[in-house]
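Enquirer: output the structure for:
(one chain, ligands or ions: 2)
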Amino acid sequence: MSTNHELFQRARQLMPGGVNSPVRAFKSVGGEPFFTARADGACLWDVEGRRYIDYVGSWGPMIVGHNHPAVREAVARVIKDGLSFGTPCPAEVAMAETIAKLVPSVDMVRMVNSGTEATMSAIRLARGATGRAKIVKFEGCYHGHGDSFLVKAGSGALTFGVPTSPGVPKANADLTLTLPYNDLDAAKALFAEQGSEIAGLIIEPVAGNMNCIPPVDGYLQGLRELCTRHGALLIFDEVMTGFRVALGGAQALYGVTPDLTTFGKIIGGGMPVGAYGGRRELMEQIAPAGPIYQAGTLSGNPVAMAAGLAMLELIQAPGFYDTLAARTRLLCDGFQSVADGAGMPFSTNRVGGMFGLFFTAQKVTSYAQATTADTTLFNRFFHGMLKRGVYLAPSAFEAGFLSSAHSDQDIADTLQAARETLAELG
Ligand SMILES: Cc1ncc(COP(=O)(O)O)c(C=O)c1O
Ligand SMILES: NCC(=O)CCC(=O)O
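Expert: Ligands and ions are numbered 1, 2, ... in the order given. Below is the predicted model of the structure:
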């Protein structure tokens with residue numbers, strides 16, 4: 001049987017950095033990634049048989065835990081009938097109905113295959129609908145790897161220190177205006193200057209790609225008002241927050257209605273999926289109803305729809321989000337008290353089933369603060385936890401995720417690992 005090390009050696013010869021997505025490599029924390037053989041509930045098992053309590057959850061989708069029987073069985077049922085049709089299929093209709101029911105700002109939806117596709121398509125729609133070219137994004141926010149978004153981007157781009165990627169034409173990058181997150185005055189100033197040229201403003205309504213930073217009171221409402229006043233579309237990128245922070249996403253939690261919303265992760269139940277949706281008169285400008293082109297060979301794939309629908313069914317159970325939020329609180333409060341006990345400067349953020357851990361005593365509300373937290377300490381903490389069977393995202397700039405499969409015992413074990421790790425670091 002192959003070991004993690006052997007597999008990584010082979011992988012590095014054949015895949016850039018040995019991975020198919022940069023955030024999986026342990027490049028910033030050091031060391032080598034493990035190779036997962038199977039996943040179940042709150043845990044991953046690597047090829048060497050080691051078990052990890054997992055707080056990455058496939059980077060967000062696994063909100064009901066890995067390998068949930070209802071999701072697995074839904075997939076098993078539909079694959080008997082074929083894997084892809086290239087014609088409309090009934091599950092696509094059920095998916096669109098479910099998203100529109102759960103997210104009231106969405107009258108119509110278009111399924112795609114990733115969050116990246118969803119955000120790229122949403123800004124094309126914003127540009128097509130307004131006849132304007134500029135878009136606004138926030139420093140440290142990540143919206144997938146479309147050219148327009150790899151400007152002061154979060155996630156791996158921030159982790160590896162290349163927030164603005166080579167390969168993005170300057171002409172394109174010049175159309176992406178960036179703002180500091182949670183600073184409404186900066187947004188007002190930008191719109192006062194260039195508002196009439198701005199097609200849309202895209203934001204993670206809870207930032208999850210520069211660690212986890214919730215919006216300050218009134219911030220999203222303020223952005224809504226600015227966009228309305230200047231005729232720009234407000235786009236909530238809920239690829240991460242959708243069905244994660246509340247059943248209706250961040251827009252339900254904070255009571256702010258965007259013009260367009262992008263989805264991914266949870267709506268695919270672990271299969272490759274994305275979606276964008278919004279008001280009818282906007283969505284009807286998408287081909288073939290309207291002239292703005294966007295397409296996909298595998299879009300609305302029946303297997304992905306089945307997995308996603310099964311997961312969307314599970315999360316509608318009464319009390320699902322209350323329980324998830326309570327568990328997340330238990331975990332974060334636990335981390336805080338362990339850190340306080342060790343005399344370690346530390347703070348946490350959390351919203352629903354997502355959280356952030358910071359090696360700083362400050363309450364983190366900005367990108368600037370997030371990037372001043374102690375990453376060296378985080379890297380040592382990460383490895384201490386990994387050694388004790390707890391898998392956190394291998395970066396100080398990623399949100400963590402809980403699932404309904406994380407038990408009180410998993411949380412207690414995690415906190416014990418943290419206690420031992422901090423004792424070792426201190
Ligand atoms: C907020 C946000 N938007 C977009 C994306 C891109 O999604 P994908 O990786 O499916 O392309 C991600 C994560 O990757 C994300 O967290
Ligand atoms: N928060 C970061 C992501 O969700 C990205 C996952 C990936 O790029 O593999």
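Enquirer: ok, the nearest residue in space to residue 304 that is not next to it in sequence - how many residues close by?
Expert: Nearest residue to residue 304 in three dimensions, chain neighbours excluded: residue 271, at 3.8 Å (C-beta to C-beta, 6 or more residues apart in numbering). (Each C-beta comes from the backbone N, C-alpha and C, glycine too.) A count of nearby residues for residue 271, using other C-beta atoms under 10 Å, gives 18.
Enquirer: get me the contact residues on the stretch 1-150 of the chain for ligand 2.
Expert: Within reach of ligand 2 by C-beta under 6 Å from any ligand atom, the stretch 1-150 of the chain has these residues: 21, 23, 59, 60.
Enquirer: what does the closest residue to ligand 1 within the stretch 251-400 of the chain show for phi and psi?
Expert: At 4.5 Å from ligand 1, residue 264 is the closest residue in the stretch 251-400 of the chain, using C-beta to the nearest ligand atom. Backbone torsions for residue 264, taken as degrees, to the nearest 10, come to phi -180, psi -150.
Enquirer: list the contacts for it?
Expert: By C-beta atoms under 8 Å, 6 or more residues apart in numbering, residue 264 lies in contact with 60, 114, 115, 118, 239, 240, 242, 273, 274, 275.
Enquirer: narrow these to those that are buried.
Expert: Buried members of these, scored by 16 or more other C-beta atoms under 10 Å, are 60, 114, 115, 118, 239, 240, 242, 273, 274, 275.
Enquirer: now render the residues you listed as a markdown table, adding secondary structure.
Expert: Below are the buried ones among the contacts of residue 264 laid out as a markdown table (DSSP: H, G, I helix; E, B strand; the rest coil):
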| residue | secondary structure |
| --- | --- |
| 60 | coil |
| 114 | coil |
| 115 | helix |
| 118 | helix |
| 239 | coil |
| 240 | coil |
| 242 | strand |
| 273 | coil |
| 274 | strand |
| 275 | strand |
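Enquirer: helices along the stretch 201-350 of the chain, start to end?
Expert: Secondary structure of the stretch 201-350 of the chain (DSSP state H, counting those that start in this stretch): helices located at 219-230, 249-254, 280-283, 302-314, 320-341.
Enquirer: which parts of the longest one are buried?
Expert: In this case it means helix 320-341. Buried-residue list, helix 320-341, by 16+ other C-beta under 10 Å: 320-321, 324-325, 327-328, 330-332, 334-335, 338-339.
Enquirer: could you list which of the contacts of residue 264 also contact ligand 1?
Expert: With the criterion set as C-beta under 6 Å from any ligand atom, the members of the contacts of residue 264 near ligand 1 are 114, 115, 239, 240, 274.
Enquirer: which among these gets closest to ligand 1?
Expert: Looking at those and their distance to ligand 1, the nearest is residue 115, at 2.2 Å (C-beta to the nearest ligand atom).
Enquirer: CA-only coordinates of the helix or strand encompassing residue 192 in PDB, if you can.
Expert: Here residue 192 sits within helix 184-194, counting by DSSP states H and E. Presented in PDB, the C-alpha positions along helix 184-194 are these (Å, rounded to 0.1, in the frame of the first residue of the first chain):
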ATOM      1  CA  LEU A 184     -18.300  51.700   4.400                       C
ATOM      2  CA  ASP A 185     -16.700  55.200   4.100                       C
ATOM      3  CA  ALA A 186     -14.200  53.800   1.600                       C
ATOM      4  CA  ALA A 187     -17.000  52.300  -0.400                       C
ATOM      5  CA  LYS A 188     -18.900  55.600  -0.300                       C
ATOM      6  CA  ALA A 189     -15.800  57.500  -1.500                       C
ATOM      7  CA  LEU A 190     -15.300  55.100  -4.400                       C
ATOM      8  CA  PHE A 191     -18.900  55.200  -5.600                       C
ATOM      9  CA  ALA A 192     -18.900  59.000  -5.300                       C
ATOM     10  CA  GLU A 193     -16.000  59.100  -7.700                       C
ATOM     11  CA  GLN A 194     -16.800  56.200 -10.100                       C
END
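Enquirer: can you state the direction angle for that helix and helix 219-230?
Expert: 10 degrees (axes from the mean of the first three to the mean of the last three C-alpha atoms, to 10 degrees).
Enquirer: which helices and strands does helix 184-194 pack with?
Expert: Helix 184-194 sits against strand 134-138, strand 176-179, helix 219-230, with contacts defined as 3 or more C-beta pairs under 8 Å, 6 or more residues apart in numbering; DSSP states H and E.
Enquirer: list the contacts for the residue in the stretch 151-300 of the chain positioned nearest to ligand 2?
Expert: With C-beta to the nearest ligand atom as the measure, residue 155 is the residue of the stretch 151-300 of the chain nearest to ligand 2, at 4.0 Å. With contact set as C-beta under 8 Å, 6+ apart, residue 155 has these partners: 23, 142, 209, 395, 397, 398.
Enquirer: repeat the analysis, applying 10 Å as the threshold.
Expert: 21-23, 59, 140-145, 163, 208-210, 240, 393, 395, 397-399 (C-beta atoms under 10 Å, 6 or more residues apart in numbering).
Enquirer: ok, residue 354 next?
Expert: When contacts are counted by C-beta under 10 Å, 6+ apart, residue 354 touches 57, 60, 63, 206, 208, 212, 214, 240-241, 244-245, 324-325, 328, 399-402.
Enquirer: and which of the contacts of residue 264 is nearest residue 288?
Expert: Using C-beta to C-beta, residue 275 comes nearest to residue 288 of those, at 17.6 Å.
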